[in-house]
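In: The sequence and its predicted three-dimensional model are supplied below.
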Amino acid sequence: MLRNDTLGPRNLTLTPELHTYLLAQGRMTPDPVLAELIEHTRAAVPDQAHMTVAPEEGALLTFLVRLLGARHIVEVGTFTGYSSLCLARGLPADGSLITCDVSAEWTALARDFWARDGVADRIELRLGPALDTLRALPAEPHLDLAFIDADKPGYIGYWEELVPRLRPGALLLADNTLFSGQVIDADPGEKPAAIRAFNEHARKDDRVQLVMLPVADGLTMARRLPPGESPV
């Protein structure tokens, strides 16, 4: 078996020019609605604008929803609605997305852009602590996809509420799981330490098959296993 060090570098440094090329060739450049949402977010909440998912990640969300034929989705962490809009675009007309947040201010911008994009009828925003929202969902497996992109110390709790509610074959996605590389720091801060604890928690969960991808700030994808299927 080849050692990792015999393979050479396996990941490119994504320069701004190469990133632009990637978006264009992958048909992932934000369209006018998404581009305007990014600009409005930067103007309205400049200190938090980095919380918007990357364009390639948003495109991947839409792609995965369509690939799965997902009809029932839950998102934890709405912010100004970019990822919600991308998820909802992949849904059929009668599909549903429940998205959780605590900020009426940030999500007001989201509501405006959902309506402008024609997907507002597929999205239900629930304001309040996300754990309360998740615990109020039906307990049986019924979700086709879940996306976690919220407060980092809450990730393990959200995971534990969502995994049992995923139908076999469904996906759970968790954002920021590399946290700018700080997850491997010797003495990480509170947020990267919480993500590192979450990563270990998810890795040890034999209810799912799991991969971690270097998409944007790190994206973990977990597939709920059917009964009897091994996680490896």
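Out: Arrived safely.
In: What's the mean pLDDT across stretch 202-221?
Out: The pLDDT scores in stretch 202-221 average 96.
In: Restricting to C-alpha, output it in PDB.
Out: The C-alpha trace of stretch 202-221 is given here as PDB (Å, rounded to 0.1, in the frame of the first residue of the first chain):
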ATOM      1  CA  ALA A 202     -19.300  12.100  14.300                       C
ATOM      2  CA  ARG A 203     -16.300   9.900  13.300                       C
ATOM      3  CA  LYS A 204     -17.200   7.400  16.000                       C
ATOM      4  CA  ASP A 205     -20.900   7.200  15.200                       C
ATOM      5  CA  ASP A 206     -21.600   3.900  13.600                       C
ATOM      6  CA  ARG A 207     -25.100   4.900  12.500                       C
ATOM      7  CA  VAL A 208     -23.600   6.800   9.500                       C
ATOM      8  CA  GLN A 209     -21.000   6.500   6.700                       C
ATOM      9  CA  LEU A 210     -18.900   9.600   6.800                       C
ATOM     10  CA  VAL A 211     -16.600  11.600   4.700                       C
ATOM     11  CA  MET A 212     -15.000  15.000   5.300                       C
ATOM     12  CA  LEU A 213     -14.300  17.200   2.200                       C
ATOM     13  CA  PRO A 214     -12.000  20.300   1.800                       C
ATOM     14  CA  VAL A 215     -14.900  22.200   0.400                       C
ATOM     15  CA  ALA A 216     -14.900  25.900   1.500                       C
ATOM     16  CA  ASP A 217     -14.100  25.700   5.200                       C
ATOM     17  CA  GLY A 218     -14.600  22.000   5.500                       C
ATOM     18  CA  LEU A 219     -17.800  20.000   4.800                       C
ATOM     19  CA  THR A 220     -18.600  16.800   6.600                       C
ATOM     20  CA  MET A 221     -21.100  14.500   4.800                       C
END
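In: got a list of contacts for that stretch?
Out: Outside stretch 202-221, the residues that touch it by C-beta atoms under 8 Å, 6 or more residues apart in numbering are 11, 53-54, 56-57, 60, 159, 163, 171-180, 183, 199, 222-225, 229, 231-232. (Glycine included, C-beta is placed from N, CA and C.)
In: if I pick the residue sitting nearest the centre point of the chain, what's in contact with it?
Out: For the chain, the residue nearest the mean C-alpha position is residue 147 (4.1 Å; C-alpha atoms, centre = their mean). Contacts for residue 147 (C-beta under 8 Å, 6+ apart) come out as 61, 73-77, 83, 87, 172-175.
In: So which of those is surrounded by the most neighbours?
Out: Within the contacts of residue 147, neighbour counts (other C-beta atoms under 10 Å) peak at residue 74, which reaches 29 neighbours.
In: Looks to me like it is in a strand.
Out: Yes: counting by DSSP: H, G, I helix; E, B strand; the rest coil, one finds residue 74 located in a strand.
In: Is it in contact with residue 134, as I believe?
Out: Yes: counting by C-beta atoms under 8 Å, residue 74 touches residue 134, with 7.2 Å between them.
In: Spit out the residues that contact those two alike.
Out: What both residue 74 and residue 134 touch, as defined by C-beta under 8 Å, 6+ apart, is the set 100, 162, 165.
In: Out of those, grab the one that's most surrounded.
Out: Using other C-beta under 10 Å as the neighbour criterion, residue 100 leads the shared contacts of residue 74 and residue 134 with 24 neighbours.
In: give me the beta-bridge partners of that residue?
Out: As for beta bridges, residue 100 partners with residue 76, residue 126 under DSSP bridges.
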